[in-house]
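Student: Provided below for reference: sequence and predicted model.
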Amino acid sequence: MSDQTDTPGRDSLFEAPPMGEQERMVEAILFATADPVTVADLAARMPHGCDPAEALVHLRRRYEGRGVHVVKVGDAYAMRTAADLGFLMQKETVETRKLSRAAIETLAIVAYHQPVTRAEIEEIRGVSVSRGTIDQLLELEWIRFGRRKMTPGRPVTFVVTQGFLDHFGLESARDLPGLKELRAAGLLENRPPPGALGIGGSPGDEDEDEIDAGQTELFED
Amino acid sequence: MSDQTDTPGRDSLFEAPPMGEQERMVEAILFATADPVTVADLAARMPHGCDPAEALVHLRRRYEGRGVHVVKVGDAYAMRTAADLGFLMQKETVETRKLSRAAIETLAIVAYHQPVTRAEIEEIRGVSVSRGTIDQLLELEWIRFGRRKMTPGRPVTFVVTQGFLDHFGLESARDLPGLKELRAAGLLENRPPPGALGIGGSPGDEDEDEIDAGQTELFED
Amino acid sequence: MAEEFEEDQVSVAERLAAEALIVDVDGFEGPLDVLLMLSRTQKVDLRRISVLALARQYLAFVEKARALRIELAADYLVMAAWLAFLKSRLLLPPDPTEEGPSGEDLAAHLAFQLERLQAMRDVAARLMARDRLGRDIFARGITEDVTRIRRVKYTATLLDLMQGYARIRTRDEFRPFVMDRDAVFTMEQALERLRGLVGYAPDWTDLSSYLPDGWQSDPMRRRSATASTFAASLELVKEGRVEIRQTDLFAPIQLRQRKDPR
């Protein structure tokens, strides 16, 4: 490997790194870039005096027969999985989509209120829950049917699954943060809770008037 | 069920591929994705009877000293460029939002004291954790909610994520710099203030928490 | 707080440091941060820090801020009061009748807190200085594009989930505020009511029996009335008009008129 180290360098002021190092550099660049890289591009990125074309020859040889190859794409180079291992890559073609807002809200209600019936979900959300939303969550295996409720009609309930806990990195549904903690984490607007303000705050003038008009006089000593 | 009958491949109906082939497969899978892959995940994608853990040992050795390394991230593995070649990758550098001093300190406290509650973070920093700080760390997916603490109020805790380990090049939280020294010096102990007269966080916080607690009750069904 | 002669004991270096601090008091993250900064002027290991000297430095700092008419946030003043208390505990011989932790215990804990905060800052800096993904270390640039099987995978983060839940739950909070006022019994109302009523209570009477009619069954109204009546009773105790007692934790709170009103 390092026996050709001294060849490039040319008349440069600075000595070029040894070929072994240059090979490492090309390897790292090909690995990290999103597009195939030309030799000129490599040369521009590497320290002065490097010979990326030669480093590429070494690198290609090193990867022969490995799970990954250095391939030429037009006049540029890239690293690619060996063709015979393509069957392993099926998982990389998965397309990820964000869950709809309706589905997220429904899922949240199941998680926080389980076991919960469909009617209860609708009551909490304030809108009806479409069949598709529940089906989607069932299909994702994030919710499942729980035990029937002992109320008239014996409606089915929904609960969250182990898969749900795994996906969201929770050990149990009890570890879900409460409203207080959501607020503490800044996820909730800090609106004054209804009714809580008047108690400690300074009373408005109207209040005082009301008191004056009322029982006050009766009990004055 | 069936994993008791056929241990790793051995007497299985199909013979597992030779170790050299398994190493290629692991190499291809790790190359194909930017995210760390667990051993279980590797096993699930490879043919029946493979031993990805052993293949990983071979693969890691093969990449020692190369421009790209096999690194361990929590209980998963990934390929990453060697740190000394970072200077070649200026084009790939991702501009990260600059973290505030509060966010950096909070992150360190979560990492070194995990699982840690918000109150404990405030105890250590001597100031309340501002809204948004925790939010920002959650959004970066560097911290997540952990198990609730079995103390009064059952507060939620925070722990660091695999993404955190990946970002800072740590195999596990045990490899945090200076962890042993801090532990030996007793600086990671949860030492309560003597008597009731603690210096604690600012008194304003407690009030806020009390209001919040009342608020939560209101919403509890 | 800090007496004149003590101020003189503070060295010139410390005073300069304290002055520099005041100019930039907004840059500090609370009193503990200031204490940590001040402790550096002692130029010793944090484990060997003199908490007494530190308390003096801090009190001098607060005094100076006051002289310069700089308004310090409440928690700085709370810390000053606490340190003044600590200082007196450290200086005076221990009073055997006094309960609670000794001055040394409190000082040791403060030193521990400072050391721990400093340690966290040090490791935070070490952490941020590590080779980091996307800056020094890079992941695979081309994730495999062998498009063969296309499956749609739905994702959501815990954050999405919680924000969704928060969204639903906070909808309820948009109700007009005035609607809720009829469920609030103000402390002034309670005080007026109680002022008149305690005159007729020479014997111990449960606080709950003072709740106004119609405020006892509905939980919201009951809670509000209980809180304000309790607060009002404390006010009357302060005025020396009633006595209050509670025999046990969570036991009923009882009131009676004071026999010898002040």
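Tutor: Structure received. Residues are numbered from 1 along each chain as shown, chains lettered A, B, ... in the order given.
Student: Domain parsing of chain A, as residue ranges.
Tutor: A:15-89, A:94-219 (automatic domain parsing).
Student: mind checking which of those domains is nearest chain C?
Tutor: Closest approach to chain C among these (CB to the nearest CB): domain A:94-219, 2.1 Å. Bear in mind the C-beta positions are built from the backbone N, C-alpha and C, glycine included.
Student: Give me the nearest residue to C:Ser50, chain neighbours excluded.
Tutor: C:Gln42 (6.5 Å; CB to CB, 6 or more residues apart in numbering or on different chains).
Student: Let me know how buried that neighbour is, in neighbour terms.
Tutor: 17 (other CB atoms under 10 Å in any protein chain shown).
Student: I figured it hits C:Ala53, correct?
Tutor: Yes: judged on CB atoms under 8 Å, C:Gln42 makes contact with C:Ala53 at a distance of 6.5 Å.
Student: show me where chain A has strands.
Tutor: Ranges of strands within chain A are A:37-38, A:68-73, A:76-81, A:95-98, A:116-117, A:143-145, A:157-160, based on DSSP state E.
Student: So, low pLDDT: which residues of the stretch 151-262 of chain C?
Tutor: Counting by pLDDT under 70, the stretch 151-262 of chain C contains low-confidence ranges at C:151-153, C:171-182, C:261-262.
Student: what residues does it put near chain B?
Tutor: For the stretch 151-262 of chain C, the residues in contact with chain B (CB under 8 Å from any CB of the partner chain) are C:Thr157, C:Leu158, C:Leu159, C:Arg169, C:Asp172.
Student: List buried residues within the residues you listed.
Tutor: Among those, those classed as buried by 16 or more other CB atoms under 10 Å in any protein chain shown are C:Thr157, C:Leu158, C:Leu159, C:Arg169.
Student: Give me the distance between C:Ile137 and A:Glu21.
Tutor: Noted for C:Ile137: a distance of 18 Å to A:Glu21, by CB to CB, to the nearest Å.
Student: Those two - which one has more neighbours?
Tutor: Ranked by neighbour count (other CB under 10 Å), C:Ile137 and A:Glu21 place C:Ile137 first, with 26 against 19.
Student: Skipping adjacent residues, who's closest to the more buried one in space?
Tutor: B:Arg80 (4.8 Å).
Student: That neighbour: how many residues sit nearby?
Tutor: When neighbours are counted by other CB under 10 Å, B:Arg80 registers 25.
Student: residue contacts, it?
Tutor: By CB atoms under 8 Å, 6 or more residues apart in numbering or on different chains, B:Arg80 lies in contact with B:Val68, B:His69, B:Val71, B:Gly169, C:Leu133, C:Ile137, C:Phe138, C:Ala139.
Student: now, which of those sits nearest chain A?
Tutor: Relative to chain A, and with distances defined as CB to the nearest CB, the nearest of those is C:Phe138, at 3.8 Å.
Student: what about the closest one, distance to B:Met89?
Tutor: Distance, C:Phe138 to B:Met89, using CB to CB: 5 Å.
Student: can you list residues touching both of these two?
Tutor: Contact with both C:Phe138 and B:Met89 is made by residues A:Ala28, A:Ala32, B:Thr81, according to CB under 8 Å, 6+ apart.
Student: Now do the helices in the chain.
Tutor: Unless you meant another one, I'm taking chain A. Counting by DSSP state H, chain A has helices at residues A:19-32, A:39-45, A:52-62, A:101-113, A:118-125, A:131-139, A:162-167, A:179-184, A:197-200, A:205-213, A:216-219.
Student: hm, I was asking about chain C
Tutor: Along chain C, counting by DSSP H, helices occupy C:4-9, C:12-23, C:31-39, C:51-67, C:74-91, C:103-128, C:158-171, C:187-197, C:219-238.
Student: Show me the shaky parts of chain A.
Tutor: Residues of chain A that meet the criterion pLDDT under 70 lie in A:1-14, A:90-95, A:179, A:183-221.
Student: Endpoint to endpoint, stretch C:88-105 covers what distance?
Tutor: One end of stretch C:88-105 sits 14 Å from the other (CA to CA, to the nearest Å).
Student: Next: stretch A:57-76.
Tutor: Distance between the two ends of stretch A:57-76: 13 Å, counting by CA to CA.
Student: Ok, stretch A:134-152 next?
Tutor: 22 Å.
Student: is that stretch up against chain C anywhere?
Tutor: Yes: shown here: stretch A:134-152 in contact with chain C (CB under 8 Å from any CB) through A:Gln136, A:Leu140.
Student: Distance to B:Thr93 for the residues of the stretch 151-262 of chain C next to chain B - can I get that in TSV?
Tutor: Formatted as TSV, those follow (distance: CB to CB, whole Å):
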residue	distance to B:Thr93
C:Thr157	25
C:Leu158	29
C:Leu159	26
C:Arg169	41
C:Asp172	46
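Student: For chain A, state which of those is nearest.
Tutor: Taking CB to the nearest CB as the measure, chain A sits nearest to C:Leu158 out of those, at 4.6 Å.
Student: quick one: contacts for residue 157?
Tutor: Picked chain A for this. Contacts for A:Thr157 (CB under 8 Å, 6+ apart) come out as A:Gln114, A:Pro115, A:Val116, A:Thr117, A:Phe145, A:Gly146, A:Arg147, A:Arg148, A:Lys149.
Student: not what I meant, chain C
Tutor: Applying CB under 8 Å, 6+ apart to C:Thr157 gives the contacts A:Phe168, B:Glu141.
Student: Give me the phi and psi for it.
Tutor: Dihedral angles phi and psi of C:Thr157 (degrees, to the nearest 10) take the values phi -100, psi 170.
Student: Mind listing what's buried along stretch A:162-181?
Tutor: Under 16+ other CB under 10 Å, the buried positions of stretch A:162-181 are A:164-165, A:167-170, A:173, A:175-181.
Student: so how many other residues sit close to A:Cys141?
Tutor: Rather than Cys, residue A:141 is Glu. For A:Glu141, the tally of surrounding residues (other CB under 10 Å) stands at 12.
Student: and residue 120, how many neighbours?
Tutor: Let's take chain A. Counted with other CB under 10 Å, A:Glu120 comes out at 18.
Student: please go with chain C instead
Tutor: C:Met120: 24 surrounding residues under other CB under 10 Å.
Student: Ok, A:Ala53 next?
Tutor: 14.
Student: Could I get the contacting residues of the nearest residue to it once chain neighbours are set aside?
Tutor: Excluding the flanking residues, the one nearest A:Ala53 by CB to CB, 6+ apart is A:Val39, at 5.2 Å. A:Val39 is in contact with A:Pro52, A:Ala53, A:Leu56, A:Asp75, A:Tyr77, counting by CB under 8 Å, 6+ apart.
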